[in-house]
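**Q** fold the following and give me the result.
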Amino acid sequence: MAAFLWALLGIAAGACIAIQAPINAMLGRGLGMPVAAACVSFLSGAAILALVVLLTSSFEGRSPDWRGPDLWLYIAGGALGTVYVTTAIFLTPRIGAAAVMAFAVSGQLLAGILLDRIGFLGMAVREISVGRIGGAVLLVAGALMIRFL
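**A** Down below sits the predicted model:
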């Protein structure tokens with residue numbers, strides 16, 4: 001049952017990303033600059049998350065150890081997120097939300113298979129299997145069908 005709930009949570013998060021892309025694209029059109037929309041998206045998200053951290057810290061009676069992680073970890077996630085959000089804002093009005101999401105998920109899956117294979121940043125190594133390759137081929141084929149058929 002827990003695995004099913006985790007899957008539903010992942011689906012809900014994916015739906016949020018799909019909804020976010022056209023909202024940010026509309027914001028970019030309104031601002032006249034897609035990069036400004038990405039900035040607003042990150043600033044509003046950061047403000048909300050800061051509030052969540054404060055509330056969680058108060059509730060749990062502990063706070064984050066900001067000195068713990070290496071400096072590059074503070075930058076890398078945001079930099080990669082910037083590439084994704086800005087690209088989605090740029091592409092959504094041009095190829096549609098479904099195609100953007102299909103290609104993004106394809107890229108995520110292909111990168112995920114590689115990251116699993118090499119055990120990126122201490123993750124458990126998971127071998128590349130026929131099922132994984134087949135699933136990736138089907139997903140990429142589906143993304144191409146969504147865009148071009």
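**Q** flag every buried residue along the longest helix seen in the chain.
**A** Counting by DSSP state H, the longest helix found in the chain is helix 2-31. Neighbour counts over helix 2-31 (16 or more other CB atoms under 10 Å) mark Ile17, Ala18, Gln20, Ala21, Pro22, Asn24, Ala25, Leu27, Gly28 as buried. C-beta: built from backbone N, CA, C; applies to glycine.
**Q** which pLDDT value goes with the nearest residue to the first one once chain neighbours are set aside?
**A** Distances taken as CB to CB, 6 or more residues apart in numbering put Met101 closest to Ile17, at 7.0 Å, once the chain neighbours are dropped. Per-residue confidence (pLDDT) for Met101: 95.
**Q** most remote residue from the middle of this protein, which is it?
**A** The C-alpha centroid of the chain is most remote from Gly61, which lies 29.7 Å away (CA atoms, centre = their mean).
**Q** what's the distance between that one and Asp70?
**A** Taking CB to CB, to the nearest Å as the measure, Gly61 falls 27 Å from Asp70.
**Q** now do the SS call for Arg62.
**A** coil (DSSP: H, G, I helix; E, B strand; the rest coil).
**Q** what does it show for phi and psi?
**A** phi -150, psi 170 (degrees, to the nearest 10).
**Q** break down this protein into its helices, ranges please.
**A** In the chain, the helices defined using DSSP H lie at 2-31, 34-60, 71-95, 97-118, 130-148.
**Q** among these, which is the most enclosed?
**A** Ranked by mean neighbour count, those are led by helix 97-118 with a mean of 16 (mean count of other CB atoms under 10 Å).
**Q** other residues contacting that helix?
**A** Helix 97-118 has contacts (CB atoms under 8 Å, 6 or more residues apart in numbering) with 14, 17-18, 21-22, 84, 88, 91-92, 120, 123-128, 132, 135-136, 139-140, 142-143, 146-147.
**Q** how's the protein carved up into domains?
**A** Domain assignment for the chain by automatic domain parsing gives 9-60+71-95, 97-149.
**Q** for these, please prepare TSV with the additional fields distance to Ala2.
**A** Below are these laid out as TSV (distance: least, CB to CB, whole Å):
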stretch	distance to Ala2
domain 9-60+71-95	10
domain 97-149	19
